[in-house]
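>>> below are the sequence and a predicted model; questions follow.
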Amino acid sequence: MITNDGHRLAFHVTQGNGHTIVLDSGGGEDSSQWKGLVPELHANTGATVITYDRAGLGKSDAVPGPWKVESAVGDLKSGLEQLGVTKNVTLVSHSQAGEVANYFAKENPKMLSGAVLVDANLPPFFTDEEIPRLVAATQPQVDAAKKNPDKPDNRQLISTAEGFTPAHKAFHKVTWPNSVPATVMVSEKTPFDGSPVDAQRWHTAAAAFAQDGPNRTLVTVTGSSHEVPKDRPDLVLKEIEDMVATQH
């Protein structure tokens with residue numbers, strides 16, 4: 001358990017050599033999302049593997065109020081520093097954790113040697129046309145969640161909905177540092193399997209992000225839903241191992 005800004009966060013560390021792989025879970029998910037991958041990653045790379053629970057999830061304390069990406073970035077950075085990890089990090093981020101990754105990379109490029117963005121939220125997707133569609137589409141889920149607000153994934157949904165529009169207008173402008181290589185894994189079915197318009201925009205955003213700087217690779221995960229770590233753990237493992245291998 002590490003403490004940052006008055007709340008405690010659970011970090012799970014499998015100790016290895018000088019390289020560190022950090023696995024950051026999707027929205028509403030805790031570190032258990034990665035439990036199947038951790039032993040294999042550690043065995044295959046020899047790296048230290050770290051998973052953690054973002055505030056309000058898993059064993060970490062809840063923080064009241066809207067979800068703020070800046071707070072999540074601060075929690076991750078503080079946790080890594082308290083664990084003595086300040087460089088040679090490969091960051092692996094699924095879904096909502098893509099927002100944490102983009103801000104983290106922008107602010108701390110020297111800590112990262114690479115990133116694998118797994119069907120992650122990326123700045124090009126959150127246009128002025130797309131943000132209102134997302135707000136409207138998730139409103140029924142948010143209303144339902146408010147009937148049982150203490151359930152962790154409901155609490156996460158409610159806190160993410162608060163301030164969503166201004167937060168994502170700001171996110172749209174974030175730029176990834178050219179010094180940090182990135183593998184962009186995009187699922188074939190996307191989080192918007194029932195909406196061809198949104199699914200197409202998701203794919204277009206991933207391609208645009210991949211093309212927008214050097215050392216970026218786009219990998220389309222055929223047949224996979226948004227839950228790529230569950231649907232194709234073999235491919236996630238391969239892309240992480242490839243990224244780590246290029247850092248040596």
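Now that the structure is in, tell me what you want to look at.

>>> which elements pack onto the one helix or strand Y103 maps to?
Here Y103 sits within helix 97-107, counting by DSSP states H and E. Applying 3 or more Cβ pairs under 8 Å, 6 or more residues apart in numbering; DSSP states H and E, one finds that helix 97-107 makes contact with strand 17-24, helix 69-82, strand 89-94, strand 112-118. In this view, the C-beta of every residue, glycine as well, is placed from N, C-alpha and C.

>>> for F171, what are its contacts?
V69, E99, N102, N121, P123, F126 (Cβ atoms under 8 Å, 6 or more residues apart in numbering).

>>> which of those residues are buried? Put it as a PyMOL command.
Selecting the buried subset of those in PyMOL, with 16 or more other Cβ atoms under 10 Å as the burial test, is done by:
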select buried, resi 69+99+102+121+123+126
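
>>> and the contacts of F171, which is closest to D193?
Nearest to D193 among these: N121, at 16.5 Å, using Cβ to Cβ.

>>> and the lowest mean pLDDT element among the helices and strands of the protein?
The weakest-scoring helix or strand in the chain, judged by mean pLDDT, DSSP states H and E, is helix 152-161 (a mean of 90).

>>> got the buried residues for that helix?
In terms of neighbour count (16+ other Cβ under 10 Å), helix 152-161 has its buried residues at P152, N154, R155, Q156, L157, I158, S159, T160, A161.

>>> report the next helix or strand after it in sequence order.
Next helix or strand after helix 152-161 toward the C-terminus (DSSP H and E): helix 164-171.

>>> who does the helix or strand that that next one is followed by pair up with?
On the C-terminal side of helix 164-171, the closest following helix or strand by DSSP H and E is strand 182-187. Strand pairing for strand 182-187, determined by DSSP bridges: strand 112-118 (parallel), strand 216-221 (parallel).

>>> possible to save those as TSV with distance to V186?
Output for those, formatted as TSV (distance: least, Cβ to Cβ, whole Å):
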stretch	distance to V186
strand 112-118	9
strand 216-221	6
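
>>> mind checking which of these is nearest L91?
strand 112-118 (4.6 Å).

>>> distance from the helix or strand just after the closest one to the middle of the chain?
As assigned by DSSP H and E, the chain's next helix or strand after strand 112-118 is helix 130-145. Distance of helix 130-145 from its chain centroid, counting by Cα atoms, centre = their mean, to the nearest Å, is 20 Å.

>>> one step back: among the strands paired with strand 182-187, which is the most enclosed?
Most buried of those by mean neighbour count (mean count of other Cβ atoms under 10 Å) is strand 112-118; its value is a mean of 26.

>>> and that strand with helix 97-107, angle?
When axes from the mean of the first three to the mean of the last three Cα atoms, to 10 degrees is applied, the directions of strand 112-118 and helix 97-107 differ by 160 degrees.

>>> where in the chain is pLDDT low?
248 (pLDDT under 70).

>>> most distant residue from the middle of it?
The outermost residue of the chain relative to its centre, with distances by Cα atoms, centre = their mean, is K147 at 27.1 Å.

>>> using the three-state scheme, assign that one.
K147 carries the three-state label coil when classified by DSSP: H, G, I helix; E, B strand; the rest coil.

>>> list the contacts of the residue nearest in space to the middle of the chain.
Centroid-nearest residue in the chain, with Cα atoms, centre = their mean: A97, separated by 2.0 Å. Contact analysis of A97 by Cβ under 8 Å, 6+ apart lists D24, S25, G26, G27, R54, A120, N121.

>>> can you list contacts of stretch 215-233?
Identification of contacts with stretch 215-233 by Cβ under 8 Å, 6+ apart yields 33-34, 36-37, 94-95, 118-119, 176, 178, 180-191, 193, 203, 206-207, 209-211, 235-236, 239.
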